[in-house]
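[1] Structure for the following, please:
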Amino acid sequence: MLVLMARAPRPDVPYWPGRRSLAVVDALAWPALLLLTLGTTPFSSGIFGVGASALTLLIAARRWHRAVFCNQRYRLTTSRWGMVLAALILVGAGARLMSM
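    All right, here's what the predicted structure looks like:
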């Protein structure tokens, strides 16, 4: 038997002045970083690189649309993944200091 349970939708994010412009920067910065990473690979990525770049541009357009027109639904990516990346960088720096 298959039982489906629907979750309640997440509540809207509170709006404050400057949130829309910060959300647009956040919405475009992460896909741009991914495109930069894809473009600087030391090997030829071929059709995979072209497809990944096209998919990244589509995702960036969707994120931009949500950041501009549905700002109450846009969640900032940097506040979530930026902390994870900062923690990884600190762990790496600590490991480097410990090995010296």
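[2] Give me the packing partners of the worst-scoring helix or strand of the chain on mean pLDDT, helices and strands only.
    Here the helix or strand of the chain ranked lowest by mean pLDDT, DSSP states H and E is helix 77-99, holding a mean of 90. Counting contacts by 3 or more C-beta pairs under 8 Å, 6 or more residues apart in numbering; DSSP states H and E, helix 77-99 packs against helix 19-39. To be clear about C-beta, it is placed using only N, CA and C from the backbone, and glycine gets the same treatment.
[3] counting contacts, what elements does the helix it packs on pack onto?
    So helix 19-39, by 3+ C-beta pairs under 8 Å, 6+ apart, packs with helix 46-69, helix 77-99.
[4] how far away is residue 44 from residue 6?
    46 Å (C-beta to C-beta, to the nearest Å).
[5] that older thread, list of residues touching the least confident helix or strand of the chain?
    26, 27, 29, 30 (C-beta atoms under 8 Å, 6 or more residues apart in numbering).
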